[in-house]
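1. sharing a model that was predicted from the sequence below.
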Amino acid sequence: MIVNKIKEKVVVEQSQKTKGKTHGFLQALLTIFLVLLGICAAALLIIYKKQPERIEQDIQAPLVKVEQVRVRDIPMVVQGYGTASPKVEVDIIPEVAGKVVSIHPELKVGGLIRRNENLLQIDPRDYELAVRQAEAAVADATVLLETEHAEAQVARKEWSDLHPGIEPSSTLVLREPQIRKAKATLDSAQAQLDTAKLRLERTSISLSFDILIASESVDLGQYVVTGQPLASAFGTEAVEIEVPLQDDDLAWFDVFENSIFADYNQRSNKTTATVKADFAGTEQIWEGYVVRTTGQVDRTSRMISVVVEVPDPFKVTKSGSPLLPGLFVEVLIHGKTLRNTVAIPRDAVREGNQLWLVKDNLLHIQSLDVVRADKDFAYVVTGIEDKANIVTSSMDVAVDGMKIRTEAVLTASDEQNKPDDFNPSSPEENQ
C-alpha cells in the first residue's frame, strides 16, 4: 500500500512539472511575436512617413518704444527739501512783578492773537501809586526851581542897587549853583516819573505783530516775577525754510545777488520758489522766494543752505491750508532759463551719456553733452535735432545702424501674428 501511494505521488509531481514547462514556452513565444510585430510596425511608419514642409521664418527687427523730443526754452528748477520754521519766534516774559488779573482768551496753545492786543494784565495798583508819588516829587522839584529863580532875581536887584554897573565876583551872589541844583533835582524827579510810568505800562503785555501761541504756563491770579517765561509764540507774517543744496545747484539761480553778500540797493528781483507738501489729505502749494543763504558750508555734508521765505503762511483759502511750522516740505526754486534746450528722460540716457536715436527705422547711437541733470531729465543744448525720436525702452543688444521697429510702424502682419498677451507699453518683453 505504501509503495503504491509513493509511486502515485511521484507520477503526479512529474505530470505537474511537464505542464509548467509547456506554459512557460508558450509565454516566451507570445513575447517574441509581439516584439516582432512592433518592429514591423515601426519599419512601416519610417518607410511611409511624410516629410514636414519647410517654412522660412523672417527674422524680425527688435521692437522699441520711442518718444519725440522738442527743442525749446526750458526754465531750470532746483529741487530741495526742508522743514518750515517761524521767521520770528519770541518768549513772553514780564518786565515787572505782580499778580495776573486778566488773560487774553486766546492765550493758549494754538491761539491766534492780533497785534497790540493785551495778552495779560498784571495788577497795576502798586505801579499807579508809584506814578503818583513820582508826580508829587516832580511838583516839589518844580516849586524848588521856581523859588530859586525868584530868589536869584531878588539877589541881582539887591546887588545892582548896592553896586551899580559892577558884576558880582562870585556866582553864589546870584544863586546860580542853587538854580543848577534845583534843576538837577527836577530832572531826577522827572526821570523817576518816566520810569514809574514805563513800569506801569509794562503791567500790560502786548506785541506789535500777530502771533500764534506755541506754549503757555500762566494762569489767572498767578504771581509772576521779572524774567519768568510765561509763554512762547511765533509771528504769523512769514515762515522760513532752510534748503540744503549742492554747490552746483547754486549756479542755476541768483542767490548771492539777494543775500548778505550784495549791497541792499543793488539787489535784483528775488528768485521765486514753490513749496509743496502732502497735508490735510491732499497736496498743498504755497508761493515763496529765496531771501539769502546761511553764509556757510556744512562741514559734514559739504552742502550750503539757502533760505526760502513764504509770506502769509497762515492765510487759509478755499483751496489751501496754512503752512504750519515743523512741516516737512518740498521746495522747487525757479531758476534761469536754458535757451534751445532738449529735455531727455533720464531712462533714455544710456551708460556713458549715450542716446539711442531712431531715423528711417535705423538705430543711431550718439554721445551727449549734458549741461544739467535732475531726477527726471537730462538737459542738452547741442547735438539733438528738433522732433528727434529717441528710444526710451531697453534692448539686450544695441549696435549703431541696426534695423529696429517702433510701436508706431507695426505692419499688418505684425498685427495679425502678435500674441494675445502683447503689451505695447512693454516692448522689451516682445523682442
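-> Perfect, I can see it now.
2. checking residue 106 next. Helix, strand or coil?
-> coil (DSSP: H, G, I helix; E, B strand; the rest coil).
3. what separates the closest residue to it other than its chain neighbours from residue 346, distance-wise?
-> Spatial nearest neighbour of residue 106, excluding adjacent residues (Cβ to Cβ, 6 or more residues apart in numbering): residue 113 at 5.1 Å. C-betas here are computed from N, CA, C, even on glycine. According to Cβ to Cβ, to the nearest Å, residue 113 and residue 346 sit 49 Å apart.
4. and those two? Which one has more around it.
-> For residue 113 versus residue 346, neighbours defined as other Cβ atoms under 10 Å are more numerous around residue 113 (21 against 11).
5. wait, residue 123 sits on residue 200?
-> No - between residue 123 and residue 200 there is no contact under Cβ atoms under 8 Å: 11.1 Å.
6. where is the longest strand in this protein?
-> For the chain, the strand with the greatest residue count under DSSP state E is strand 328-345.
7. before we move on, the earlier item: could you measure from the residue nearest to residue 106 over to residue 88?
-> Separation of residue 113 from residue 88 (Cβ to Cβ) stands at 14 Å.
8. about what we covered before: pLDDT score for the residue nearest to residue 106?
-> For residue 113, the pLDDT comes out at 94.
9. next, it: phi, psi?
-> Here is the backbone geometry of residue 113 (degrees, to the nearest 10): phi -120, psi 130.
10. quick one: residues in contact with stretch 98-108.
-> 111-113, 117-124, 126-127, 203, 213, 216, 218-224, 231 (Cβ atoms under 8 Å, 6 or more residues apart in numbering).
11. related to what we said a few turns ago, could I get the buried residue list for the longest strand of the chain?
-> 329, 330, 331, 332, 333, 334, 335, 338, 341, 342, 343, 344 (16 or more other Cβ atoms under 10 Å).
12. what's the most distant pair in these?
-> 329 and 342 (30.5 Å; Cβ to Cβ).
13. okay, residue 153: pLDDT?
-> Confidence score, pLDDT, at residue 153: 79.
14. I should have written residue 356 there, sorry.
-> Predicted confidence (pLDDT) for residue 356: 91.
15. what is the helix or strand encompassing it packed up against?
-> According to DSSP states H and E, residue 356 maps onto strand 354-359. Judged by 3 or more Cβ pairs under 8 Å, 6 or more residues apart in numbering; DSSP states H and E, the packing partners of strand 354-359 are strand 362-367, strand 388-391.
16. who's in contact with it?
-> Taking Cβ under 8 Å, 6+ apart as the rule, strand 354-359 contacts 64, 66, 344, 348-350, 363-368, 384, 388-391, 395, 398, 404, 406.
17. buried residues in that strand?
-> Counting neighbours by 16+ other Cβ under 10 Å, one finds that the buried residues in strand 354-359 are 355, 356, 357, 358.
18. tell me the angle of that strand relative to strand 328-345?
-> Here strand 354-359 runs at an angle of 50 degrees relative to strand 328-345 (axes from the mean of the first three to the mean of the last three Cα atoms, to 10 degrees).
19. circling back to that earlier point, among the helices and strands packed on strand 354-359, which is the most enclosed?
-> Comparing the helices and strands packed on strand 354-359 by mean neighbour count (mean count of other Cβ atoms under 10 Å), strand 388-391 comes out on top with a mean of 21.
20. which outside residues touch that one?
-> 64-69, 342, 344, 348, 355-359, 363, 404, 406.
21. ok, 10 Å please
-> 62, 64-71, 342, 344-345, 347-350, 355-359, 363-366, 384, 398, 404, 406, 408, 427 (Cβ atoms under 10 Å, 6 or more residues apart in numbering).
22. so what's residue 178 closest to, chain neighbours aside?
-> Among residues not flanking residue 178 along the chain, residue 148 sits closest, at 4.9 Å (Cβ to Cβ, 6+ apart).
23. so that neighbour touches residue 181, yeah?
-> Yes - the pair residue 148 and residue 181 passes the contact test of Cβ atoms under 10 Å, sitting 7.9 Å apart.
24. list residues touching both of the two?
-> Common contact partners of residue 148 and residue 181 (Cβ under 10 Å, 6+ apart): residue 175.
25. higher neighbour count, those two?
-> Per other Cβ under 10 Å, whichever of residue 148 and residue 181 has more neighbours is residue 148, with 20 against 14.
26. give me the pLDDT for the more buried one.
-> Residue 148 is assigned 83 on the pLDDT scale.
27. what strand or helix carries it?
-> Per DSSP H and E: helix 125-162 holds residue 148.
28. just give me how far that helix sits from the chain centre.
-> 68 Å (Cα atoms, centre = their mean, to the nearest Å).
29. for the helix or strand following it, packing partners?
-> As assigned by DSSP H and E, the chain's next helix or strand after helix 125-162 is helix 176-201. For helix 176-201, the elements it packs on are helix 125-162, judged by 3 or more Cβ pairs under 10 Å, 6 or more residues apart in numbering; DSSP states H and E.
30. can you list the low-confidence ranges for this structure?
-> Residue ranges of the chain with pLDDT under 70: 1-24, 50-59, 155, 161, 170, 173-174, 257-269, 317-319, 407-431.
31. so what are the domain limits for it?
-> As given by automatic domain parsing, the domain ranges for the chain are 1-49, 63-74+339-430, 77-87+237-337, 89-233.
32. in the chain, which spans are helices?
-> 2-48, 125-162, 176-201, 412-417 (DSSP state H).
33. out of those helices, which one sits most buried?
-> Of the helices of the chain, helix 176-201 is the most buried (mean count of other Cβ under 10 Å), at a mean of 16.
34. that one to helix 125-162, inter-axis angle?
-> For helix 176-201 against helix 125-162, the angle by the same axes, to 10 degrees is 160 degrees.
35. centre of the chain to helix 176-201, how far?
-> Distance of helix 176-201 from the chain centroid (Cα atoms, centre = their mean) equals 58 Å.
36. okay, and the common contacts of residue 113 and residue 88?
-> Residues within reach of residue 113 and of residue 88 at once, by Cβ under 10 Å, 6+ apart, are 207, 209, 211, 233, 236.
37. state the distance from the second one to residue 112.
-> Pointing back at residue 209 there. With the distance defined as Cβ to Cβ, residue 209 ends up 12 Å from residue 112.
38. of those two, who's got more company?
-> More crowded of residue 209 and residue 112, by other Cβ under 10 Å: residue 209, with 15 against 12.
39. what about that one, distance to residue 215?
-> Counting by Cβ to Cβ, the gap from residue 209 to residue 215 is 18 Å.
40. what do you get for residue 337?
-> According to Cβ to Cβ, residue 337 stands 46 Å off from residue 215.
41. same check, this time on residue 248
-> On the measure of Cβ to Cβ, residue 248 and residue 215 end up 41 Å apart.
42. residue 312 and residue 87 touch, don't they?
-> No - Residue 312 is beyond contact range of residue 87, at 11.5 Å (criterion: Cβ under 10 Å).
43. all set now, cheers.
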